[in-house]
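Novice: Need coordinates for the below:
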Amino acid sequence: MKIYVASSWRNLQQEVVVHMLRQWGHDVYDFKNPPNGGKGFSWSDIDPDWKRWTPEEYVKNLSDPIAEKGFASDFEGMQWADACVMVLPCGRSANTEAGWMKGAGKKVYVFQPTNEEPELMYKIYDGVLTSYGQLMDIFAPKGVLS
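Specialist: Got it, this is the predicted structure:
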C-alpha cells in the first residue's frame with residue numbers, strides 16, 4: 001500500500017510510524033524526507049523571521065518558489081497515496097491533508113498514542129487508532145508479531 005503520513009515536524013512519533021509502515025512493506029511518503037531529495041518544506045527556508053509575518057506577508061509568501069515546491073511535493077504525495085495515517089498531535093496542515101484525502105475517497109486513520117483533546121469530526125475517518133498494536137492490526141502483514 002502507498003501511505004501518506006501526515007503530522008507535525010515536532011511530533012517524534014511520526015518518524016516511528018514511517019519506519020514501522022516501511023518495515024511492514026508499505027511505500028510511505030515522509031514529508032520530512034520527501035522523495036524529491038533534500039529536506040521537507042519549512043517556512044524558515046523563506047524567512048527565518050516568518051513567525052512575525054503579517055497576514056499580507058504570509059499570503060505573499062505562499063507564492064514563493066520554495067513554498068510552491070514544498071506544496072507540490074506534499075500534494076503529489078497525497079495524490080499518489082492510497083491511504084493516510086495522521087499522527088497526533090499535529091497541526092492545521094496535517095488536518096487539511098487528511099481531510100482532502102478522505103474527500104478524495106482514500107482511507108484515513110488517525111493515530112493517537114497519547115492523550116489529546118477529543119475531536120468529534122474524526123468520526124469521518126476510517127478509524128482512530130490508540131496504540132501501536134492497533135496500527136499493526138491495520139497495516140502489518142498477517143502473521144507479523146511486532
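
Novice: From here on, just use CA atoms for contacts and neighbour counts.
Specialist: Fine.

Novice: Just give me how far stretch 26-44 sits from the chain centre.
Specialist: 10 Å (CA atoms, centre = their mean, to the nearest Å).

Novice: residue boundaries of the strands in this protein?
Specialist: With DSSP state E, the ranges of strands along the chain come out as 2-6, 27-30, 83-87, 107-111, 127-129.

Novice: what's the closest of those strands to Asp45?
Specialist: Smallest distance to Asp45 across the strands of the chain (CA to CA): 18.4 Å, for strand 27-30.

Novice: Tell me which other helices or strands that closest one touches.
Specialist: strand 2-6, helix 13-23 (3 or more CA pairs under 8 Å, 6 or more residues apart in numbering; DSSP states H and E).

Novice: can you put the ones you listed in CSV and add mean pLDDT and distance to Glu116?
Specialist: Formatted as CSV, the helices and strands packed on strand 27-30 follow (pLDDT from 0 to 100; distance: least, CA to CA, whole Å):
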stretch, mean pLDDT, distance to Glu116
strand 2-6, 98, 16
helix 13-23, 97, 14
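
Novice: need the ones you listed in JSON lines with distance to Gly40 and mean neighbour count, can you?
Specialist: JSON lines is the format used below for the helices and strands packed on strand 27-30 (distance: least, CA to CA, whole Å; neighbours: other CA atoms under 10 Å):
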{"stretch": "strand 2-6", "distance to Gly40": "12", "mean neighbour count": "25"}
{"stretch": "helix 13-23", "distance to Gly40": "13", "mean neighbour count": "18"}
